[in-house]
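Participant: Kindly return the folded structure for what I paste below:
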Amino acid sequence: MKTNDILSEKQKLILELLKRNNIDKLKDFINSLETPLYFLNSTNFDLLILALSLNCTFYIIKLIYNRCNYKTLNYVVKDIYHLYDMSNHKDETIVNYQNSLEVLMDSNNNVKSPLLVSLEFSDFQSVEFLINKGADMYFKINGKYILEILREENLLTMRKLNFLLKNGFSLKKFKIERLSNFEFKYIKKCLENFVFDINFIKYLLNLYKNKAGISKRKFNHRVNNEINKIEIPMELYLKYLDRKDYKKVEYLYKYYGTEKTRSFKDFILFYLNYFDRNFNKKSFYDFFNFIINNENTFPFSKEYAINENETIIINKKLKIVELIKNNNNLKLETFLKNNNYILHCLYSSKSEILNLINEYNVSSDIVDILRKYFLI
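Facilitator: From the prediction side, this is the model:
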């Protein structure tokens, strides 16, 4: 549907003036109206959202806000009409940007709020203005927070998140579970802003300023209180554990609380077993290799990890010998294929494989399988 088919004459006129971004002509038009400016607004036409979408100057944004007598900024409109015809817009960047947004907007039923639009366009001056006038950062549109919609539209940036955090956005109201599909850098930033926040920093500075002593026990208690302000959902640990992104699991672990170390170890071991989908211990082997090869804060010692991986290797070798002795070529090939990730660790040289062949007087089929997987 084209713009001209659905707008009144006055709406068409003001839309053209907004596209031109000319505040003087806009003022003249508003002064010529016989009715208040807000009479042009409807459930599907909103001057403030249009002005924000057209990247109008901040002075125009303020003018429209003041003249339209908005009682609240926490509202939505169903459509943004100027998307249908941007061919005459002077700014090609905006034209291209709006064209790309058409598809994205369909996913949210074309519903927009003023704060969402200003964030989409990185109009931080308007964002701050709207927040100061009562725009709610936690306002939901179709059941989604603005932050979630920006992520879905691929328009979330660290600068936008930092701006919202600076203006009071917090995990206190936005549950961390809703961040599970966000890039990790956004999760990390929200956590760091919420835990060890400005109040904790002021507490430390006050101790230093007053040269006040504090016992290690009391200090650790205060630190644990900060950490316990938030509980990381288990699905977040599992997401990165399953991906073998152990650095991110380790980062989240610092919010787990030192008094829960034993339960965290049990939790990790339980889900390493759960993620062992091929029943070949690869999930354990990869995790313990990370412990062995990296300095980390996980509650597993390197000695423990080395012993666990050595046990895995020993058991693999015993199983291979068993299958060779039983001359079970089908099961042997299946086993070697399933454990291909670790075969290079089982035997240090080809001569060991040859010794196996000689010791158990294996069939030619077994020899061919061993030659295939161990390249002898």
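
Participant: Residue ranges in the protein under the pLDDT threshold?
Facilitator: Where the chain drops to pLDDT under 70, the residues are 1-6, 79-109, 257-260, 376.

Participant: which stretches of it form strands?
Facilitator: Secondary structure of the chain by DSSP state E: the strands cover 140-141, 144-145.

Participant: which stretch among the ones you listed comes nearest residue 8?
Facilitator: Closest to residue 8 of these is strand 140-141 (C-beta to C-beta; 26.1 Å). Every residue, glycine included, has its C-beta placed from N, CA and C.

Participant: Mind giving me the packing neighbours of the closest one?
Facilitator: In this structure, strand 140-141 makes packing contacts with no helix or strand, judged by 3 or more C-beta pairs under 8 Å, 6 or more residues apart in numbering; DSSP states H and E.

Participant: dump the residue contacts of residue 67.
Facilitator: 30, 36-38 (C-beta atoms under 8 Å, 6 or more residues apart in numbering).

Participant: Top of these by number of neighbours, please.
Facilitator: Counting neighbours by other C-beta atoms under 10 Å, residue 37 comes out on top of those with 20 neighbours.

Participant: My guess is it contacts residue 68. True?
Facilitator: Yes. Assessed by C-beta atoms under 8 Å, residue 37 is found in contact with residue 68 at 5.5 Å.

Participant: Need the residues touching each of the two.
Facilitator: Counting by C-beta under 8 Å, 6+ apart, the residues touching both residue 37 and residue 68 are residue 47.

Participant: roughly how far apart are the residue nearest to the spatial centre of the chain and residue 176?
Facilitator: In the chain, the centroid-proximal residue (C-alpha atoms, centre = their mean) is residue 182; its distance is 1.3 Å. As defined by C-beta to C-beta, to the nearest Å, residue 182 lies at a distance of 10 Å from residue 176.

Participant: The nearest residue to residue 369 once chain neighbours are set aside and residue 339, how far apart?
Facilitator: Counting by C-beta to C-beta, 6 or more residues apart in numbering, residue 369 lies nearest to residue 333, which is 5.0 Å off, once chain neighbours are set aside. Note on residue 333: its distance to residue 339, by C-beta to C-beta, is 11 Å.

Participant: now residue 351
Facilitator: Residue 351 is 21 Å from residue 339, by C-beta to C-beta.

Participant: what does residue 57 give?
Facilitator: Taking C-beta to C-beta as the measure, residue 57 falls 66 Å from residue 339.

Participant: Run through the residues that contact the closest residue in space to the residue nearest to the centre of the chain that isn't next to it in sequence.
Facilitator: Counting by C-beta to C-beta, 6+ apart, residue 151 is the residue found nearest to residue 182 once chain neighbours are left out, at 5.7 Å. Residues near residue 151 by C-beta under 8 Å, 6+ apart: 181-182, 186.

Participant: Residue 326: which of the residues you listed is nearest?
Facilitator: Distance ranking of the contacts of residue 151 against residue 326, using C-beta to C-beta, places residue 181 first at 48.4 Å.

Participant: Could you tell me how many residues sit around the closest one?
Facilitator: Close neighbours of residue 181, defined as other C-beta under 10 Å, add up to 10.

Participant: Excluding chain neighbours, what is closest to it?
Facilitator: Of all residues beyond its chain neighbours, the one nearest residue 181 is residue 151 (7.2 Å), with distances taken as C-beta to C-beta, 6+ apart.

Participant: and the gap between that neighbour and residue 248?
Facilitator: According to C-beta to C-beta, residue 151 and residue 248 sit 18 Å apart.

Participant: And for residue 222?
Facilitator: According to C-beta to C-beta, residue 222 stands 26 Å off from residue 248.

Participant: the more surrounded of these two?
Facilitator: The neighbour comparison of residue 222 against residue 248 (other C-beta under 10 Å) goes to residue 248, with 17 against 14.

Participant: contacting residues around the more buried one?
Facilitator: Residues in contact with residue 248 (C-beta under 8 Å, 6+ apart) are 184, 240.

Participant: okay but residue 196 is in contact with residue 226, surely?
Facilitator: Yes. In this structure residue 196 lies within contact range of residue 226 using C-beta under 8 Å: 5.5 Å.

Participant: show me the contacts for the closest residue to residue 343 other than its chain neighbours.
Facilitator: Leaving aside its chain neighbours, residue 343 sits nearest to residue 373 (6.0 Å; criterion: C-beta to C-beta, 6+ apart). By C-beta under 8 Å, 6+ apart, the contact set of residue 373 is 333, 336-337, 340, 343.
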